[in-house]
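Student: pasted the sequence and its predicted model underneath.
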Amino acid sequence: MGTAADSFWRYAGHCLADVLFPRVCGLCGSSGLEPGVDLCAGCRHTIDRARAVAFCTRCGTTVGPFGGTKDGCPACRAAHLPTAGFTRVGEFSGGLADLVRMFKFRGGEHLDRCHGDLLGRAIAQVPWFDEVDVLAAVPTCWQHRLRRRFHATSALAPHVARRAGLPLLTLLRRTKGGRHQVGLPKADRIENVKGKFTISRGVALAGAVVCLIDDVATTGATIGECARVLKRAGARRIYAAVVAHAGGLMQTPSDV
Ligand SMILES: [Zn+2]
Ligand SMILES: [Zn+2]
């Protein structure tokens, strides 16, 4: 337990850091941040609007007001899915797409906490939240880490775990790089990720319920392959949670 003097000096330290290195909104660059996120009030409102768009809780696709039921939506109802449920912050469009692009590709590495908080909150609100034993991030391969150093999902994952209050474990390894998924057609994406993931050494998953987390889902091919590997290692059920969903009924963007 810290003393009142400790709290004072910690508070003073934060104030000084904010004066020396003022944090600005990750989307528009303005100062005056909302508590808990690296966004100003206006951009927070933009993200809240993205969060309010209805989506299929089975596959994550955006649906109309009556488009999704517990059995899925027109895009997924007839399909066998490796995941038992899906949640997301929003659709990959508008302000949320800008935020994700900045985080992944435009030097917005400081936005890890902002993305993690948004996704952690989304997970904490799902009906299946109490079932989840552990979070697992979709991993990248070592070649990618060497090349770009920054991996968005790995960076946001600890913040998701803190916000949702769930443990985060390294359950999966990506063993082979292969072509990047960007720009590949759906059938090629499924083929491209097949056999690329393996269970981390020493992991025992007997009966565990895992929530996979990723920054963006497009066709769901990567999440599907990770879910398949986790189930073969004994996981009972897999859920998925992403910051932005870009696939399904929407036009597939070329830059995710
Ligand atoms: Zn802003
Ligand atoms: Zn669906």
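Tutor: Nice, thanks for sending it over. Ligands and ions are numbered 1, 2, ... in the order given.

Student: phi, psi of residue 55?
Tutor: Here is the backbone geometry of residue 55 (degrees, to the nearest 10): phi -140, psi 160.

Student: please name the nearest non-neighbouring residue to it.
Tutor: residue 62 (5.3 Å; C-beta to C-beta, 6 or more residues apart in numbering). C-beta: built from backbone N, CA, C; applies to glycine.

Student: quick one, phi psi at the one you found?
Tutor: Main-chain torsions, residue 62, degrees, to the nearest 10: phi -60, psi 130.

Student: so how far is residue 50 from it?
Tutor: Separation of residue 62 from residue 50 (C-beta to C-beta, to the nearest Å) stands at 10 Å.

Student: now the helices for the protein?
Tutor: 4-20, 41-51, 94-105, 112-124, 142-148, 152-164, 186-193, 221-232 (DSSP state H).

Student: residue 119 contacts residue 214, doesn't it?
Tutor: No. In this structure, residue 119 is not within contact of residue 214 by C-beta atoms under 8 Å, at 9.3 Å.

Student: okay, and the common contacts of the two?
Tutor: Both residue 119 and residue 214 are contacted by 241-243, under the criterion C-beta atoms under 8 Å, 6 or more residues apart in numbering.

Student: what's the closest of the residues you listed to ligand 2?
Tutor: residue 242 (13.8 Å; C-beta to the ion).

Student: for that closest one, give me its contacts.
Tutor: Neighbours of residue 242 in contact, by C-beta under 8 Å, 6+ apart: 60, 86-89, 119, 213-217, 223.

Student: out of those, who has the most neighbours?
Tutor: Using other C-beta atoms under 10 Å as the neighbour criterion, residue 88 leads the contacts of residue 242 with 30 neighbours.

Student: which residues sit in contact with the residue lying closest to it once chain neighbours are set aside?
Tutor: In space, and not counting its chain neighbours, residue 88 is closest to residue 245: 4.6 Å by C-beta to C-beta, 6+ apart. Applying C-beta under 8 Å, 6+ apart to residue 245 gives the contacts 55, 60-62, 86, 88, 90-92, 216-217.

Student: count of neighbours near residue 69?
Tutor: Residue 69: 12 neighbours (other C-beta under 10 Å).

Student: which bits of this protein sit near ligand 2?
Tutor: 56, 58-59, 61, 72-73, 75-76 (C-beta under 5 Å from the ion).

Student: dump these to JSON lines, plus pLDDT and neighbour count.
Tutor: Below are the residues of the chain next to ligand 2 laid out as JSON lines (pLDDT from 0 to 100; neighbours: other C-beta atoms under 10 Å):
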{"residue": "56", "pLDDT": "92", "neighbour count": "26"}
{"residue": "58", "pLDDT": "92", "neighbour count": "21"}
{"residue": "59", "pLDDT": "92", "neighbour count": "25"}
{"residue": "61", "pLDDT": "91", "neighbour count": "25"}
{"residue": "72", "pLDDT": "89", "neighbour count": "20"}
{"residue": "73", "pLDDT": "90", "neighbour count": "22"}
{"residue": "75", "pLDDT": "85", "neighbour count": "20"}
{"residue": "76", "pLDDT": "89", "neighbour count": "21"}
